[in-house]
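Colleague: only geometry, no sequence info:
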């Protein structure tokens, strides 16, 4: 079952059980997938779906930070619910130690020696860790290792 099919099945279940916020979030996500499908003019594969859902999760993380600064706990709670719901459709996230080890291996494989090589490292890292690791964390580890 594809990720999109899971989203549709969960939407049906949420509608039957009257979970309004979940229904709203899943509908919005399915609409984003449909927009992307129309834009690309082909059916989305799971990698493309993961990219779109990852973008939605990142957007919610950014919104949570902004709402916290504005002391809007009600909006923080709503965005947190949506973020956690969408994360269920992404691959299992790697632990920070695993990410750091993987970044170290990538640095060795591309022959990076200093911070000037971060572009090569990040290109390889985001290809390998797509959907499994937060890009900011990957970049942080790459900078730490290359600066040492």
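Modeller: That came in fine, so what should we check first? Please read all numbers here as calculations on a predicted model, not as lab measurements.

Colleague: how about the contacts made by the spatially most central residue of the chain?
Modeller: Closest to where the C-alpha atoms of the chain average out (Cα atoms, centre = their mean) is residue 54, at 2.4 Å. Shown in contact with residue 54 (Cβ atoms under 8 Å, 6 or more residues apart in numbering): 90, 131. To be clear about C-beta, it is placed using only N, CA and C from the backbone, and glycine gets the same treatment.

Colleague: look up phi and psi at it.
Modeller: phi -60, psi -40 (degrees, to the nearest 10).

Colleague: just residue 88 next, same as before
Modeller: Here the main-chain torsion angles of residue 88 (degrees, to the nearest 10) amount to phi -60, psi -20.

Colleague: next one: residue 72
Modeller: phi -110, psi 80.

Colleague: what's around it, how many residues?
Modeller: 15 (other Cβ atoms under 10 Å).

Colleague: just the one 4 residues further on next, same as before
Modeller: Other residues within reach of residue 76 by the criterion other Cβ under 10 Å amount to 17.

Colleague: that one and residue 66 touch, don't they?
Modeller: No: between residue 76 and residue 66 there is no contact under Cβ atoms under 8 Å: 9.4 Å.

Colleague: show me where the chain has its helices.
Modeller: Applying DSSP state H to the chain gives helices spanning 3-17, 20-40, 46-69, 73-87, 96-110, 118-128, 135-147.

Colleague: including mean pLDDT, could these go into TSV?
Modeller: Shown next, in TSV, are the helices of the chain (pLDDT from 0 to 100):
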stretch	mean pLDDT
helix 3-17	96
helix 20-40	96
helix 46-69	92
helix 73-87	95
helix 96-110	91
helix 118-128	89
helix 135-147	89
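
Colleague: what's near enough to touch the nearest residue to residue 64 once chain neighbours are set aside?
Modeller: Distance criterion Cβ to Cβ, 6 or more residues apart in numbering; nearest residue to residue 64, sequence neighbours excluded, is residue 79 at 4.9 Å. Counting by Cβ under 8 Å, 6+ apart, residue 79 makes contact with 60, 63-64, 67.
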